Structures are given as C-alpha cells and as structure tokens.
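>>> heads up, no residue letters with this:
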C-alpha cells in the first residue's frame, strides 16, 4: 500500500529542521549568535556589512533628539569622518583672522578708524599705528575704552604705536581712535612702515586674577634702587 502525501510531509520537515539546526549551530560555533534586532547580539568575529549596489552600506534612523549611534569606548576610529561637531561645520572651527591695512592720511587732530565687514564677536586686536612728522599718537578702542597705548619715538620723522587688547564687538561695532599731540598724519607704505590693525577671533575667554609679586635682586634678596 502506497503512503499518502500527508505521510511524506513529516519526514521532509524533520530533515529540513535538522539541516537548519545544523547550519545555525555551525554559525554559532564560528561567529556567535545571529544578529538579533531589539536585543543584545554577541559575536566572536568581526561582522561586515557590504553593499554591492549604490548608496551607504548602513542607514540608521532614530526619533528626533535621539542619537543614531552609541559606542562604549573613546578609542579613535580611523577614517570616521564627521560633517558636524556639536552642530558646527568644520569650517566654523578654523581660526579666523581679519587684517586691515590703513592708508596714509593728512594731518588732523585725531583719526577714528572703523572696520567694515568684521563680524560681531570677541577678538584679540593688535594694531600698529605709524605717524609721520612726529605726532606721538595715543590710541584706544572707542566702544570698550580698552587698548589705551602711547607711541614711542622710532626716529626723527616717525612715531609708532604698537599694542594689543581684547575687544568685544557682540553688542556693536568698535572703532579705534588715535589722537596726536600736535596733529596726526597716519603713514602707511609697503616695504617701509605700515599702519595696520588685525583681529583674531576668540571663541572662549576665561577670566583670571593676576598676582603681583615684588621683584627680587639676582641674588634672591629684595630689589633695591640707587
């Protein structure tokens, strides 16, 4: 008597289960458990996701405000490029400098220098102001009243004033006001002496308290004057 179709199904299913179970056991012995979604997966060897088509090999999606990826080590990952760091583009992290070369001027009691195109921010400002025919210019920033400095005589025909200061232009533009003792003519000549002002952006400034100490003599005792 021939077997019915139903009697043949059971041996086939049993054989298939044995094959699948053997394949899973082999995979478990070699590489750990299969990747389990929503659970912790343990692998004994590196897992590689390869996309032979177009587009990325892995696309992670999360709800708004949730990170798409989390790691448990601070070890540097080679060739892992990031387009944004804390929301900032790499170009935003570069040091930015702005330089203004002043033109020579006619004599005047004072000169107020502005800086068009300078974005609002906190800067280290450095300036070199050269005056012709003396003048002994003293300069200070008009908005914050900082960087007060006086010129030093560098020759019979020129005086120069070199100084630097921290300026904050976040609340509005700042200007540099230079005043001469007997009329001031700004002098600027490439290859000779330039009058110029430069700004370097500072992203973080920490305030500190200076400590003043009494100078000592080379032998370690109190300094004396003669």
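Looks like it came in fine. This is a predicted model, so every value here is computed, not measured.

>>> Show me where this protein dips below the pLDDT cut-off.
Residues of the chain that meet the criterion pLDDT under 70 lie in 1-34, 133-135, 143-148, 151-156, 181-182, 217-226.

>>> So which residues of it form strands?
Here the chain has its strands, by DSSP state E, at 84-85, 88-89, 97-101, 108-113, 122-132, 138-141, 149-150, 152-153, 158-168, 176-184, 196-201.

>>> With distance to residue 71 added, can I get those in JSON lines?
For every residue, glycine as well, the C-beta is placed using N, CA and C. Shown next, in JSON lines, are the strands of the chain (distance: least, C-beta to C-beta, whole Å):
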{"stretch": "strand 84-85", "distance to residue 71": "16"}
{"stretch": "strand 88-89", "distance to residue 71": "21"}
{"stretch": "strand 97-101", "distance to residue 71": "36"}
{"stretch": "strand 108-113", "distance to residue 71": "51"}
{"stretch": "strand 122-132", "distance to residue 71": "34"}
{"stretch": "strand 138-141", "distance to residue 71": "47"}
{"stretch": "strand 149-150", "distance to residue 71": "51"}
{"stretch": "strand 152-153", "distance to residue 71": "57"}
{"stretch": "strand 158-168", "distance to residue 71": "39"}
{"stretch": "strand 176-184", "distance to residue 71": "49"}
{"stretch": "strand 196-201", "distance to residue 71": "32"}
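
>>> For residue 40, find the nearest of those strands.
strand 84-85 (29.4 Å; C-beta to C-beta).

>>> For the strands of the chain, please prepare CSV with the additional fields distance to residue 52 and mean neighbour count.
Converted to CSV, these look like this (distance: least, C-beta to C-beta, whole Å; neighbours: other C-beta atoms under 10 Å):
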stretch, distance to residue 52, mean neighbour count
strand 84-85, 29, 10
strand 88-89, 32, 10
strand 97-101, 47, 13
strand 108-113, 63, 15
strand 122-132, 51, 21
strand 138-141, 62, 21
strand 149-150, 67, 15
strand 152-153, 72, 10
strand 158-168, 56, 18
strand 176-184, 63, 19
strand 196-201, 46, 17
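
>>> closest one to residue 62 among those strands?
strand 84-85 (15.8 Å).

>>> The closest one: partners in the sheet, and parallel or antiparallel?
strand 88-89 (antiparallel) (DSSP bridges).

>>> Not counting its own residues, what contacts the partner strand?
residue 83 (C-beta atoms under 8 Å, 6 or more residues apart in numbering).

>>> Report the central residue of the chain.
residue 93 (2.6 Å; C-alpha atoms, centre = their mean).

>>> which one of the strands of the chain lies closest to residue 190?
Comparing the strands of the chain by C-beta to C-beta, strand 97-101 comes nearest, at 8.4 Å.

>>> quick one: the closest one to chain centroid distance?
19 Å (C-alpha atoms, centre = their mean, to the nearest Å).

>>> Sheet partners, orientation included, of it?
Strand pairing (DSSP bridges) places strand 97-101 next to strand 196-201 (antiparallel).
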